[in-house]
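> Below are the sequence and a predicted model for it; my questions follow.
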Amino acid sequence: MSAKRSGASGRISGSSTEVHALNGSGLQLAVDTGGTFTDVVAARAGQPVFVSKVPTDARNPTGSFMAGIESVAEHWGLTLPALLERTDRIIHGTTLGVNALLEGSLARTALLTTEGFRDALELRRSRLEDQWDLRFRPPEPLVPRYLRLGLRERIDWSGRVITPLDEQQVREVAEILRRHRVEAVALCFLFSYLNPTHEQAAAAVLRCELPGVYVSPSSEVAPRMGEYERTSTVVLNAALGPVFDDYLTELEHALSRHGSRGPVHLVLNSGVLNDAVGVLGAPVKTLFSGPAGGSRGAEVVARQRAEDCLIVADMGGTSFDTHLVLGGRTPLVAESAVAGHPVALPLVDIHSIAAGGGSVLSVDEAGGVRVGPRSAGSLPGPACYGRGGVEATLTDAALVLGLLAPAGLLGGRMPLDADLAWQALDLALAQPLGLEVPAAAFVAYRVAAARMADAVRLITVQRGIDPGECALLGAGGAFPLFAAAVAEDLAIKKVLLPAVGPAWCAWGMLAAGCGHEAVQPCLLPGDHWDQDGFETALAKASAAGHEELARLGVGPEQLDAALVLEMRYADQHHAIDVRPPVELGPGRPPAALAREFHARHETLFGYCEPSQPWQLLAMRLSLRENRPEPPAGRYGRGARSGAGAGAGAGAGAGTGAEGSASVGLRQVTLDEGGPTPVPVWGQDFIGEVPGPCLVEFNYTTAVVPRGYVARFASDGILELRRKEEA
């Protein structure tokens, strides 16, 4: 079967040298299915990576996945079975879970709780997401009240059974759920994270009484304190279960029909990999799958370049995601929220806003320009795609400003219609604002850049980090258009733009290995420290992690371990993450841990209270498989793309830096002065070029403003610096 492709790369036969180099095995394929494009990176040790992009069909993500890898096979003149025969590992990042949540296409789900507590999902917390917005309305619960049912059972705060589970009542409830044609059931009993026996027994009855219904106990997904957060997490997990079951079954069948026999490894929220079996047990762990994969690539760059603080900014078609890499590692947080629904699981600390290339532009009641939150997606997409879309987007603005070439995206395989972009911007912005179309497009460009700069401030300035002391890594197909403007706003001195940035998350997945984040509740007060209890909890977390990784074929000698403790003062509500000191060992008092906690608290909040009692709430043991890093320099100017190396650069039209050919001149609007001719360089220039200019990569364009210089570093990354810093 050949997957139907819309806009996939045409057949580009690889050289005999390339095809010969693929003899045998060792090939890795990373596929990142985003909201607008599906990115594929093919890599083999010692050889340049190959990058391909195809439009994502949200109605058929399996078709987009297969189209992406088929474009790789076509590039090398291979059949799809021949390519898969040479492939050792397939890695996948997906937006399936987020899309299902945002689009309301989740499974019909019920919630069973301890009797009297079925409304925890709707009562939420007392605090508002935005305390200044009196009209704020939280999202509707994912389970309606008539499907939230209480069961007679009770376990107390110490894990002791007070009221045994009534299994006959569970059978009666199963009959009710059968009549309502429920597709998934979430179980969340009080204190099940300390004693899961009631949840396990209820789950066994339900699986027997309701064959084919997805059953998810909270003790298997989020065994931690916080009733509302735990309930929200397991409900979302249950609602995603049937969605992922259908998708992964369809995907594995599609691959097996073409001869693939190995498992597909999916990227989890924490940036590690697991197979379909592991993911089906907890699909909620894939909500941040794509950006989490990109974090692994950012860690590689940070370590290779010795960047102690690296700001990673990834702008695709639908969103702008940003996070930090500190000391070569991406921090994890204990919980986050998606569309207003808490997710109490370890995940990469990513901040996202709705500002992508497909973000719809409009004018609000006050006459201000709004970017998003809606996106035009890939179908119909921005007006300039010529696929029936009529709404103006950031991509349309960039085309009108001359930042994008009319030859189009995907290395010229997706031409853009400037007239359609002009018409859409005229109607959406220019007329309401009383401006000419180019001026309105520039206002939208500046508003988008300002919103992105504010998003970066949230993860830097508000945490006591000066962005001016960090480097900015620009990823995604759209962010190189805005990177310099954001850097200027934040006084960042160095911008790094990898050529493979438009497929950044897919490339980063190549650095990911199998892993497990084991969360173990461990309520221990500092003034009554129980070292045996601490070591028992650590042993349980370690056993759970090693058991899961052994199932994935990863031995203990292949693992790196990192322990994080969640701690708080006794009268606090929220915990903070603390890395335990090496002095915390068998038979030793927790004095060193107390010092570490107080110091961490002061770093985060500017004060500490050493005289106050403190508590350990839980521990998170992270086990990661050691994987070789992608070859240095292979993600830069040497990267090959589905449009051919150097595609989009055009014919030589003049001589530039150290004899390299430039594309020529283009009328571009980079400031309020209006359009002006600026040089356009291909991605293979040598040396250094001054701004203002554009640098065209295969799948993106970098804007180099006046006062900046651009040069390729020895590792192949395009660096932008202010002239006084160069």
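Okay, I see it.
> Pass me the low-pLDDT residue ranges in this structure, would you?
1-25, 46, 128-130, 378, 407-413, 582-589, 629-663, 685-686, 725-726 (pLDDT under 70).
> Buried residues, stretch 297-314. List them.
By neighbour count on 16 or more other Cβ atoms under 10 Å, the buried set for stretch 297-314 is 297-302, 305, 307, 309-314. Glycine gets a C-beta too; all of them are placed from N, C-alpha and C.
> Please apply the same query to stretch 358-366.
Buried residues in stretch 358-366, counted by 16+ other Cβ under 10 Å: 358-363.
> Quick one: distance of that stretch to the chain centre.
Offset of stretch 358-366 from its chain centre (Cα atoms, centre = their mean, to the nearest Å): 25 Å.
> quick revisit: relative to A512, which of the buried residues of stretch 358-366 is nearest.
Among the buried residues of stretch 358-366, G358 lies closest to A512 (Cβ to Cβ), at 26.9 Å.
> quick one: the closest one from A405, how far?
Computed as Cβ to Cβ, to the nearest Å, the G358 to A405 distance reads 18 Å.
> ditto for A282
44 Å.
> do A440 as well
On the measure of Cβ to Cβ, A440 and A405 end up 21 Å apart.
> higher neighbour count, these two?
Using other Cβ atoms under 10 Å, the more surrounded residue of A440 and A405 is A440, with 25 against 20.
> Following the chain past the helix or strand where that one lies, name the next helix or strand.
Under the criterion DSSP states H and E, the helix or strand holding A440 is helix 437-459. Where DSSP H and E defines the elements, the next helix or strand beyond helix 437-459 is strand 471-475.
> now what about that following strand, what contacts it?
Contacts to strand 471-475, defined as Cβ atoms under 8 Å, 6 or more residues apart in numbering, come from residues 294, 298, 301, 305, 307, 309-315, 456, 480, 483, 486-487, 490, 492-498, 501-502, 504-505, 702.
> CA-only coordinates of that strand in CSV, if you can.
C-alpha atoms of strand 471-475 as CSV (Å, rounded to 0.1, in the frame of the first residue of the first chain):
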residue,chain,number,x,y,z
ALA,A,471,22.3,32.1,24.1
LEU,A,472,19.1,31.8,22.1
LEU,A,473,18.6,28.7,19.9
GLY,A,474,16.0,29.2,17.2
ALA,A,475,14.1,26.2,16.0
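> partners of that strand, with directions?
strand 309-315 (parallel), strand 494-497 (parallel) (DSSP bridges).
> which stretch among these comes nearest F288?
strand 309-315 (11.6 Å).
> Also compute the angle for the closest one relative to helix 437-459, please.
140 degrees (axes from the mean of the first three to the mean of the last three Cα atoms, to 10 degrees).
> how far does strand 309-315 sit from the chain's center?
What separates the centre of strand 309-315 from the centre of its chain is 12 Å, taken as Cα atoms, centre = their mean.
> repeat for stretch 171-189
32 Å.
> Check which residues of that stretch are buried.
The neighbour-count check on stretch 171-189 (16+ other Cβ under 10 Å) flags 173-174, 177, 182-189 as buried.
> Next: stretch 215-229.
Buried residues in stretch 215-229 (16+ other Cβ under 10 Å): 215-229.
> Equivalent analysis for stretch 456-470, please.
Across stretch 456-470, burial judged by 16+ other Cβ under 10 Å covers 456-457, 459-460, 465, 467, 470.
> ok, now which ones touch I162?
By Cβ under 8 Å, 6+ apart, the residues touching I162 are 154-156.
> Which one of those sits in the busiest neighbourhood?
Within the contacts of I162, I155 tops the neighbour count with 24 neighbours, counted by other Cβ under 10 Å.
> Run a quick neighbour tally on the nearest residue to that residue once chain neighbours are set aside.
Spatial nearest neighbour of I155, chain neighbours left out: F191 (4.5 Å); criterion: Cβ to Cβ, 6 or more residues apart in numbering. F191 has 21 neighbours, counted by other Cβ under 10 Å.
> What of G150?
As a burial measure, G150 scores 17 neighbours (other Cβ under 10 Å).
> mind checking how far the closest residue to it other than its chain neighbours is from V161?
Once flanking residues are discounted, G150 sits nearest to E115: 3.6 Å by Cβ to Cβ, 6+ apart. Counting by Cβ to Cβ, the gap from E115 to V161 is 15 Å.
> if you count what's nearby, which of those two comes out ahead?
Per other Cβ under 10 Å, whichever of E115 and V161 has more neighbours is E115, with 17 against 13.
> list the contacts for that one?
Applying Cβ under 8 Å, 6+ apart to E115 gives the contacts 150-153.
> State which helix of the protein is the longest.
The helix that spans the most residues within the chain, counting by DSSP state H, is helix 227-256.
> Give me the secondary structure label for the residue most central in space within the chain.
In the chain, the residue lying closest to the centroid (Cα atoms, centre = their mean) is P291, at 2.1 Å. Classification of P291 using DSSP: H, G, I helix; E, B strand; the rest coil returns helix.
> can you check the one 5 residues further on too?
Classification of R296 using three-state DSSP returns helix.
> Neighbours of it, how many?
Count around R296 with other Cβ under 10 Å applied: 27.
> Now for it: which residues touch it?
Contacts of R296 by Cβ under 8 Å, 6+ apart are 271, 330, 508-512.
> Those residues in helices, which ones?
508-509.
> For V400, state which of the contacts of R296 is nearest.
For the contacts of R296, the nearest to V400 is G508 (32.2 Å; Cβ to Cβ).
> wouldn't the closest one be in contact with P291 here?
No: look at G508 against P291 with Cβ atoms under 8 Å: they stay out of range, at 9.1 Å.
> that older thread, could the contacts of I162 go into a markdown table alongside secondary structure and distance to E535?
Listed next are the contacts of I162 as a markdown table, based on DSSP: H, G, I helix; E, B strand; the rest coil; distance: Cβ to Cβ, whole Å:
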| residue | secondary structure | distance to E535 |
| --- | --- | --- |
| R154 | strand | 30 |
| I155 | strand | 24 |
| D156 | coil | 24 |
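> Save those residues as CSV, and put in distance to T94 too.
Formatted as CSV, the contacts of I162 follow (distance: Cβ to Cβ, whole Å):
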residue, distance to T94
R154, 39
I155, 36
D156, 40
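> Going by distance to V447, which of the residues you listed wins?
Closest to V447, out of all of those and judged by Cβ to Cβ, is I155, at 52.5 Å.
> show me the contacts for the closest one.
Here I155 is in contact with 161-162, 189-192, 194-195, 198 (Cβ under 8 Å, 6+ apart).
> And for A537?
By Cβ under 8 Å, 6+ apart, A537 lies in contact with 520-522, 619.
> repeat for A184
Contacts of A184 (Cβ under 8 Å, 6+ apart): 107-110, 213-216, 238-239, 241-242.
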